[in-house]
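Trainee: Here's a sequence, model it:
(chains A and B)
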There are 2 protein chains.
Amino acid sequence: MNVAVGVDLGGTNTILGVVNSQGDILFKKTVSTNQFKQPDDWVNWVAQTINEYRLDNAEYLIEGVGIGAPNGNIRTGHIAFAPNLIWQGEVPLADMVKRATKLPVVLTNDANAAALGEMLFGVARGLKDFLYITLGTGLGSGVVCNGEMVYGHDGFAGEVGHMTLIPGGRLCACGRLGCVEAYCSATAIRQTYLDCAGSHSSIDAKVISEWARAGDEAAKLAFSQTGEWLGLALANCVAVTSPEKIILFGGLAQAGDLLLEPTRKSFEINLLKIYEINSHYLSQLSDNDAAILER
Amino acid sequence: MNVAVGVDLGGTNTILGVVNSQGDILFKKTVSTNQFKQPDDWVNWVAQTINEYRLDNAEYLIEGVGIGAPNGNIRTGHIAFAPNLIWQGEVPLADMVKRATKLPVVLTNDANAAALGEMLFGVARGLKDFLYITLGTGLGSGVVCNGEMVYGHDGFAGEVGHMTLIPGGRLCACGRLGCVEAYCSATAIRQTYLDCAGSHSSIDAKVISEWARAGDEAAKLAFSQTGEWLGLALANCVAVTSPEKIILFGGLAQAGDLLLEPTRKSFEINLLKIYEINSHYLSQLSDNDAAILER
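Mentor: I've put the predicted structure just below:
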């Protein structure tokens, strides 16, 4: 049987999976990314894991490796200045993995990889025009138009997190002011909660959602404000590509209706009136396997 | 010889042209749009003009009619609630022209038609990923990704003019607040000039550009502010589709460097750092024939 290796390189964890052409995950291994101080160490782990898998599964032919990584560029095969990775500068990761594994390698950004996975095997099957948003440490996005992933002429399309939402607003990790990501991400909602609560305690998005469910006013307000911002940001995206569906993924999306209800409300208010809305427009996914299904 | 009819239905003028497959314009007729109180009257003029052309040019086979119109939708063939036309509601214009001419008819929005024209015959030849912006009464846009026009799932992609630029900002003709179009259009710069000058005199974009060239401070400021807004709006669009080129067209773009210099400056400041900029990124067109070349 022919199979492919998918690798999700995240700021926290790296997940390596082996999938068949039906999208079944045959093998999966997770490791902490930060233990690899240099890209070479990470590449060695990937190559070694693949080789071990090959030895144990000689009947499977591995056709290639697909890597989803923050700031991954499909045109160059490089990771370029990813703020959430400890590796500095530009890393030619696709070539490095190719040399180490002797396999064809495709690298793209993590949100594009996830969007492709959903298009091939998941909730986006059959969709020609959709927007895929990951709400994690940052806000990643994959844009699909006319049934094709939009990479843009340089491979850097889908940086919805770095559209300016509030001119002159919050400082973003990218160094600019007012980016969508500075308002709509797991990191951002911590800031929003602190602003709402007027406190300085350290707290993460998951705790904020638990507190909101328990009735904490500041936590509820943090979610409703985040939803207002996200709804506006998504309405802005619709005005460019008019997707059939927007798919939300990632840690913050797992807050469910806490986030989705204010997002939907703001989305409807901010959407240009010519666009129809149906109740399935915004979907939330809970599956964590999406990002490793890229080929 | 096989030819096609292109019709640019504008808020002010309607231009009908006959083009061959090389994009040469063989015939062109302009008429004021507002004289047609009802869509039927306009359709009759189109059919009559085509029939007269057929009688005079029996050697040419007309393959079909392409119409570019504000709020034109390629999926439905309708014009939907176009704020710059006197016709109310939803008009099934493609079907009406088809019945009157017995020709195949395609209708799309004017900016998409213009972008297609530029892709087939103009400055966008060979470009796979570009953004086409018309700065007229409103701000129209055509988005091309992977060599294909992006219509979106409902035909309403490319409403860049109705992305929110300034949350809670100026009232837009669409009824929402802070749209790009309310800051970056020939109509908007009149408001900007009045805000800068503190006066209430009636003045149009062309006069403002003449005054700016003559050294009028308020007029210069109006252009530099408009360029700041436009540069930010375009940087936001790049974060979605990362086009190779942005092509600016329409009355306001004809102000040339008065608008382009502050736009470029703001664009570079607001663009995410991973995107390369070259001096040809923003191009201004002076040709008025683009919108009638759609097929």
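
Trainee: what's the host helix or strand of A:Gly117 packed up against?
Mentor: Assigned by DSSP states H and E, A:Gly117 falls within helix A:110-121. Contact here means 3 or more Cβ pairs under 8 Å, 6 or more residues apart in numbering or on different chains; DSSP states H and E; on that basis helix A:110-121 packs against strand A:2-9, strand A:61-69, strand A:130-135, strand A:139-145, strand A:148-149, strand A:245-249. Using the backbone N, CA and C atoms, a C-beta is placed for each residue, glycine as well.

Trainee: burial count for A:Gln38?
Mentor: Residue crowding around A:Gln38 was assessed by other Cβ atoms under 10 Å in any protein chain shown; the count is 11.

Trainee: Burial check on A:Ile50, number of neighbours?
Mentor: 22.

Trainee: meant to ask about A:Met1, not that
Mentor: As a burial measure, A:Met1 scores 9 neighbours (other Cβ under 10 Å).

Trainee: if I pick it, what's in contact with it?
Mentor: Neighbouring residues of A:Met1 by Cβ atoms under 8 Å, 6 or more residues apart in numbering or on different chains: A:Asn20, A:Glu59, A:Tyr60, A:Leu61.

Trainee: Now, of these, which are buried?
Mentor: Buried positions within the contacts of A:Met1, assessed by neighbour count (16 or more other Cβ atoms under 10 Å in any protein chain shown), are A:Tyr60.

Trainee: Let me know the closest of the contacts of A:Met1 to B:Gly122.
Mentor: A:Asn20 (46.7 Å; Cβ to Cβ).

Trainee: now the closest one, nearest residue through space, not along the chain?
Mentor: Among residues not flanking A:Asn20 along the chain, A:Val3 sits closest, at 5.2 Å (Cβ to Cβ, 6 or more residues apart in numbering or on different chains).

Trainee: Report the separation between that neighbour and chain B.
Mentor: Relative to chain B, A:Val3 is positioned 28 Å away (Cβ to the nearest Cβ, to the nearest Å).

Trainee: What is the burial count for that residue?
Mentor: Neighbour count of A:Val3, defined by other Cβ under 10 Å: 21.

Trainee: burial measure for the residue lying closest to A:Pro167 once chain neighbours are set aside, as a count.
Mentor: Leaving aside its chain neighbours, A:Pro167 sits nearest to A:Gly178 (5.5 Å; criterion: Cβ to Cβ, 6+ apart). Using other Cβ under 10 Å, A:Gly178 has 19 other residues around it.

Trainee: same thing with A:Gly168?
Mentor: Neighbours of A:Gly168 (other Cβ under 10 Å): 7.

Trainee: My read is that it contacts A:Cys179, right?
Mentor: No: contact between A:Gly168 and A:Cys179 fails when scored by Cβ atoms under 8 Å: they sit 11.6 Å apart.

Trainee: circling back: out of the helices and strands packed on helix A:110-121, flag the one nearest A:Cys237.
Mentor: strand A:130-135 (5.7 Å).

Trainee: Tell me which other helices or strands the closest one touches.
Mentor: When contacts are defined as 3+ Cβ pairs under 8 Å, 6+ apart, strand A:130-135 packs onto helix A:110-121, strand A:139-145, helix A:217-241, strand A:245-249.

Trainee: Put the alpha carbons of that strand into PDB.
Mentor: Taking Å, rounded to 0.1, in the frame of the first residue of the first chain, the C-alpha atoms of strand A:130-135 are listed here in PDB:
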ATOM      1  CA  PHE A 130     -13.700  28.200   1.800                       C
ATOM      2  CA  LEU A 131     -11.700  29.900   4.500                       C
ATOM      3  CA  TYR A 132      -9.900  27.900   7.200                       C
ATOM      4  CA  ILE A 133      -8.800  29.700  10.300                       C
ATOM      5  CA  THR A 134      -6.700  28.400  13.200                       C
ATOM      6  CA  LEU A 135      -7.100  30.200  16.500                       C
END
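
Trainee: Format the contacts of A:Met1 as a markdown table; extra columns: pLDDT.
Mentor: A markdown table is the format used below for the contacts of A:Met1 (pLDDT from 0 to 100):
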| residue | pLDDT |
| --- | --- |
| A:Asn20 | 93 |
| A:Glu59 | 93 |
| A:Tyr60 | 94 |
| A:Leu61 | 95 |
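
Trainee: Straight-line length of stretch A:179-187, end to end?
Mentor: 13 Å (Cα to Cα, to the nearest Å).

Trainee: Tell me the gap between that stretch and the middle of its chain.
Mentor: 13 Å (Cα atoms, centre = their mean, to the nearest Å).

Trainee: Can you say which helix or strand has A:Gly55 in it?
Mentor: Actually, residue A:55 is Leu rather than Gly. helix A:39-56.

Trainee: For that helix, name the packing helices and strands.
Mentor: Helices and strands touching helix A:39-56, by 3+ Cβ pairs under 8 Å, 6+ apart, are strand A:2-9, strand A:13-20, strand A:25-32, strand A:61-69, helix A:93-101.

Trainee: where are the low-confidence patches of chain A?
Mentor: A:277-281, A:283-295 (pLDDT under 70).

Trainee: Residue ranges of each domain in it, please.
Mentor: Annotated domains of chain A cover A:2-114, A:124-287 [automatic domain parsing].

Trainee: For the first one, measure first residue to last.
Mentor: Taking Cα to Cα, the first and last residues of domain A:2-114 lie 21 Å apart.

Trainee: coming back round to it: same list, the helices and strands packed on strand A:130-135, but as CSV with distance to B:Gly155 and mean neighbour count please.
Mentor: Below are those laid out as CSV (distance: least, Cβ to Cβ, whole Å; neighbours: other Cβ atoms under 10 Å in any protein chain shown):
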stretch, distance to B:Gly155, mean neighbour count
helix A:110-121, 21, 27
strand A:139-145, 13, 29
helix A:217-241, 12, 23
strand A:245-249, 16, 23
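
Trainee: now the ones you listed as JSON lines including distance to B:Asn13?
Mentor: Output for the helices and strands packed on strand A:130-135, formatted as JSON lines (distance: least, Cβ to Cβ, whole Å):
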{"stretch": "helix A:110-121", "distance to B:Asn13": "42"}
{"stretch": "strand A:139-145", "distance to B:Asn13": "32"}
{"stretch": "helix A:217-241", "distance to B:Asn13": "27"}
{"stretch": "strand A:245-249", "distance to B:Asn13": "38"}
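
Trainee: And those: which comes nearest B:Val7?
Mentor: Closest approach to B:Val7 among the helices and strands packed on strand A:130-135 (Cβ to Cβ): helix A:217-241, 25.7 Å.

Trainee: Who are the packing partners of that closest one?
Mentor: Applying 3+ Cβ pairs under 8 Å, 6+ apart, one finds that helix A:217-241 contacts strand A:130-135, strand A:139-145, helix A:186-197, helix A:205-213, strand A:245-249, helix A:257-270, helix B:217-241.

Trainee: which of the domains of chain A is buried the deepest?
Mentor: domain A:124-287 (a mean of 21; mean count of other Cβ atoms under 10 Å in any protein chain shown).

Trainee: How far off centre is that domain?
Mentor: Offset of domain A:124-287 from its chain centre (Cα atoms, centre = their mean): 11 Å.

Trainee: Show me which residues of the stretch 1-150 of chain A sit near chain B.
Mentor: Those residues of the stretch 1-150 of chain A that sit near chain B, judged by Cβ under 8 Å from any Cβ of the partner chain, are A:Asn71, A:Ala80, A:Phe81, A:Lys128, A:Asp129, A:Val143, A:Cys145, A:Asn146, A:Glu148, A:Val150.
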